[in-house]
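Student: Everything below, folded, please.
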Amino acid sequence: MTDSEQHVADSVRQWVWSGFYTRDDIEQMMDDIVDDDCDVDALRSLIGPMLREKQKAERGWSELTDCDRLDQVFYGLHERGICALANAGYTKSDGYADVAEAVADAPDDHYTGYCFYHGQDVERAIEGHGVMLAFGDLGDDDARGIQLGQVIAEALREAGFQVAWDGTMQTRINLPVFDWKRRAAQAS
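Tutor: Predicted coordinates for the structure are as follows:
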C-alpha cells in the first residue's frame, strides 16, 4: 500500500468509526482525497468490511453511550438558546462557519451562544483522547462567553461527564474521559 493509499484507508477508518457517515458519504469523501496513484477499487473494498466490523462492535455497546449522552446535552443546550453542533466541519474555523449558518437559519434571537466540536476533535476522540468543545457568546462578549461556558460545563457534569476547563475563553472545554461509540449513520 502506498503512502497515499494508507492515508485514504486511515481516513475511511476514521469516517466509519465516527458514526456520522453512511457508506455513500464515505465513498464520496474518499473520492475527494484519492490521488492518481491510488488503487480506488482496492480502497473502496475496505469500506464494507470496516462497516461490518463496526456494526458487530455496536451490538456489544451499552444502550446509552457517551456519544448518546453528549447528544442529549447538546439538545438541552439548544433548548436553552445555545447553538450546539456535533461534528461541525473539520476545523475550528469550519465550526464557526457552521455555527453562523445554523444561527442564520434559526428564528431571530433564538441563540445567544454556541458550543461545538469538529472533525479533528472526533478523530482525537476515536483515538481515546477525549472531546474538546469550542464555545462562546454570539456577540463576542468574553464575560458572557464565560457564563455560557459555565452553563455548558455544568450541563456536561450533570450528564455524568468529567469536565476539565480553566474557566477562561482561551481554553476549550475538555471531556478528557470519553468513550467514543457513535452508532452508524443510517442512509436516508
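Student: Excluding chain neighbours, what is closest to Ala9?
Tutor: Spatial nearest neighbour of Ala9, chain neighbours left out: Leu46 (5.8 Å); criterion: CB to CB, 6 or more residues apart in numbering. Using the backbone N, CA and C atoms, a C-beta is placed for each residue, glycine as well.
Student: ok, then the element right after the helix or strand that contains the one you found?
Tutor: Assessed by DSSP states H and E, Leu46 sits inside helix 40-58. Following helix 40-58 in sequence order, the next helix or strand is helix 66-79 (DSSP H and E).
Student: is it true that Leu148 lies in a helix?
Tutor: Yes. Per DSSP: H, G, I helix; E, B strand; the rest coil, Leu148 lies within a helix segment.
Student: For it, list the residues it contacts.
Tutor: Ile82, Thr112, Gly113, Cys115, Phe135, Gly136, Asp137 (CB atoms under 8 Å, 6 or more residues apart in numbering).
Student: Torsion angles phi and psi at the spatially closest residue to the fifth one that is not a sequence neighbour?
Tutor: Nearest residue to Phe135 in three dimensions, chain neighbours excluded: Cys115, at 4.4 Å (CB to CB, 6+ apart). The phi and psi torsions at Cys115 (degrees, to the nearest 10) take the values phi -160, psi 130.
Student: cool, and Leu175?
Tutor: phi -110, psi 90.
Student: tell me the domain ranges of the protein?
Tutor: Using automatic domain parsing, the domain parsing of the chain gives 3-58, 66-175.
Student: Serialize those to TSV and add fields for mean pLDDT.
Tutor: Shown next, in TSV, are these (pLDDT from 0 to 100):
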stretch	mean pLDDT
domain 3-58	92
domain 66-175	97
